[in-house]
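[1] Kindly generate the corresponding structure for this input.
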Amino acid sequence: MLLKDIHSQGEHIKIPIDKVGVKNINYPIIVLDKTKKYQHTIASINMYVNLPHHFKGTHMSRFIEILNKYRDEISINNFHQILDDMLDKLQSESAHLEVSFPYFIEKKAPVTGAEGVMDYLCTFLGSKNKNEDIDFMITVKAPVTSLCPCSKEISDFGAHNQRSIVTVSFRFRKLIWIEDIIQIIESCCSSPVYSILKRPDEKYVTEKAYNTPMFVEDIVRELAEKLRNHTNIKWFIVESENFESIHNHSAYASIESSNI
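    Residues are numbered from 1 along each chain as shown. A predicted model of the protein is given here:
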């Protein structure tokens, strides 16, 4: 029996749609791991294409069919192939793929060496127009500690600190390991964050933070300076949000730059 294709019928409101598709698909993926070569994780995936004004709707099931075609093989290496399939099977001029996932790193405490696992939220973002190269970007979010220079200067006892989330989004010339970006981020804060700390470790990170006070502005400036000097990075935006411990608001700063 031939079933009517409503999606391909004409639309009386002649307005094209920039992005239409599916969101929040939980799916297994493989990412490159600097230490272990590969890491299996679970991603939340968004897939979109553009829709010309003369189509009523897109074929949502085709997005899932494309994902299933690349089952257990969704990685940075075949992003362009997935986008090409989206352009072809959905008869579109532009395609967009967003893959967000927790990336796990084994991390040792700074003094005792106690081992724990830290997770960092990462996102691969790819966009492609027909007959053009892919535009690919990586985003890495890392928790750090920041300690207020002003509080340290004016207080007789101690200084207030906060958990901060630092976000780096970047385009690159050659492959850059996620671990290397995290290491750069953690070098531009009052102290890194760890999953396991024994008492000697807690003493170390507390004193390190106290001896390295940084405003949110200091974090993004130091980070931007290091990324500007990185030969493989051609564009970046850095952001830091400090979740204040003595204020009912967050402190925020960002810098965007191109390395031509």
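
[2] on contacts alone, who are the packing partners of the helix or strand where Trp235 lies?
    Following DSSP states H and E, one finds Trp235 within strand 233-243. Strand 233-243 sits against strand 161-172, helix 216-228, strand 250-258, with contacts defined as 3 or more Cβ pairs under 8 Å, 6 or more residues apart in numbering; DSSP states H and E. Just so you know, the C-beta spots here come from the backbone N, C-alpha and C atoms, and that holds for glycine as well.

[3] any residues touching the shortest one, and which ones?
    When contacts are taken as Cβ atoms under 8 Å, 6 or more residues apart in numbering, the neighbours of strand 250-258 outside the stretch itself are 215-217, 219-221, 223-224, 227-228, 234-244.

[4] Type out the ChimeraX command that picks the buried ones from these.
    To isolate the buried subset of those in ChimeraX, counting by 16 or more other Cβ atoms under 10 Å, use the following:
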select :215,216,219,220,221,223,224,227,236,237,238,239,240,241,242,244
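
[5] thinking again about what came up before, distance between the strand holding Trp235 and the chain's centre?
    In terms of Cα atoms, centre = their mean, to the nearest Å, the centre of strand 233-243 is found 10 Å from the chain centre.

[6] Adjacent strands (with direction) for that strand?
    strand 161-172 (antiparallel), strand 250-258 (antiparallel) (DSSP bridges).

[7] how about those in TSV, adding mean pLDDT, mean neighbour count and distance to Phe101?
    Formatted as TSV, the strands paired with strand 233-243 follow (pLDDT from 0 to 100; neighbours: other Cβ atoms under 10 Å; distance: least, Cβ to Cβ, whole Å):
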stretch	mean pLDDT	mean neighbour count	distance to Phe101
strand 161-172	96	20	15
strand 250-258	95	14	23
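
[8] could those strands go into TSV alongside distance to Glu73?
    Converted to TSV, the strands paired with strand 233-243 look like this (distance: least, Cβ to Cβ, whole Å):
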stretch	distance to Glu73
strand 161-172	22
strand 250-258	33
